[in-house]
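**Q** The following comprises the amino acid sequence and a computationally predicted model.
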Amino acid sequence: MATDTTTTTETPARSPKKVRWWRRPWIAPLAIITAIFLATALPHYVGLDPSQAQIPAGDISGRPPAYYPALVTHIFTGSVMLCAAVLQLWPWLRANHLRVHRWSGRVFVAAAIPTGLAALVTAQFPSEGPSQRIANSLLAVLLVVFTVLGYRAVRQRRFVDHRQWMLRSVALAFSIVANRFWGVLLVLTFVPSFDGDMASSPDAMSAAAASAWVSWVVNLLIAEWWIHKYPRPRDGAARTRKVRAATA
């Protein structure tokens, strides 16, 4: 009886290429900026004293009772959201500790939704007029919608769509940090003689309202540029599962 000596050879599966830290040089500065932002913003709300709230114009006592609880919720859950977002954007963590990446993603979703809903409440009582109200309301709605769509996509194992929606969500999440930069830049550009009293300077209030738009629109444009510049193949998730099954 003839013996079949034919052997089947398979190309060994390649392990995912690790992304070196120097190829993502922005992660450390982003973490530092986030830490500085939280260190300067949180102390005003930790004591739950409404008089310590950072309200650019007007008195918090002139706002409805729901305003301050919504503001505190927005600040605290937003802080958790930003910390989780930094972990989500860290390529090394995603490549080497997938479980931590997944849990930080769940934390991000759980924090982003109440952050957006609380922002939708506070946005109805703007300090810089209707333009700021519309900008912040739209930002809040998009943050919730993008986050929900990203979570829904990953539950359906549509990983490419998940990546795209969550990049958009994270871009909107960091608009509050970007707003500090744009607010100062726009005020100094259009009101060089600004004396620090926002209420007495209509031009400064207009510049601050403009920063409410620029901060999240620019972030979202950058996210869209990144998504299109570094697309992921649609069959990447399926290929990854096959590799894992073959090497199990």
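**A** Right, received. Where do you want to start? Numbers count the residues shown, from 1 in each chain.
**Q** From now on I want contacts and neighbour counts done on CA atoms only, so please keep to that.
**A** Noted.
**Q** and the helix or strand containing Leu82, how far out from the chain's middle?
**A** Using DSSP states H and E, Leu82 sits within helix 67-88. Relative to its chain's centre, helix 67-88 lies at 10 Å (Cα atoms, centre = their mean, to the nearest Å).
**Q** avg pLDDT for the following helix or strand past that helix?
**A** Counting by DSSP H and E, the next helix or strand C-terminal to helix 67-88 is helix 91-96. Average pLDDT, helix 91-96: 78.
**Q** repeat for stretch 110-127
**A** Mean pLDDT, stretch 110-127: 93.
**Q** where does this protein dip in pLDDT?
**A** 1-26, 56-62, 195-200, 233-248 (pLDDT under 70).
**Q** What ranges does it have for its strands?
**A** Counting by DSSP state E, one finds no strands in the chain.
**Q** any idea which helix is longest in the protein?
**A** As assigned by DSSP state H, the longest helix anywhere in the chain is helix 202-229.
**Q** Please identify the buried residues of that one?
**A** 204-217, 219-220, 223-224, 227 (16 or more other Cα atoms under 10 Å).
**Q** Stretch 130-143 too?
**A** Here stretch 130-143 shows 131-140, 142-143 as buried, counting by 16+ other Cα under 10 Å.
**Q** picking that back up, for the helix holding Leu82, packing partners?
**A** Here helix 67-88 is seen to pack against helix 27-41, helix 98-122, helix 159-173 when contacts are counted using 3 or more Cα pairs under 8 Å, 6 or more residues apart in numbering; DSSP states H and E.
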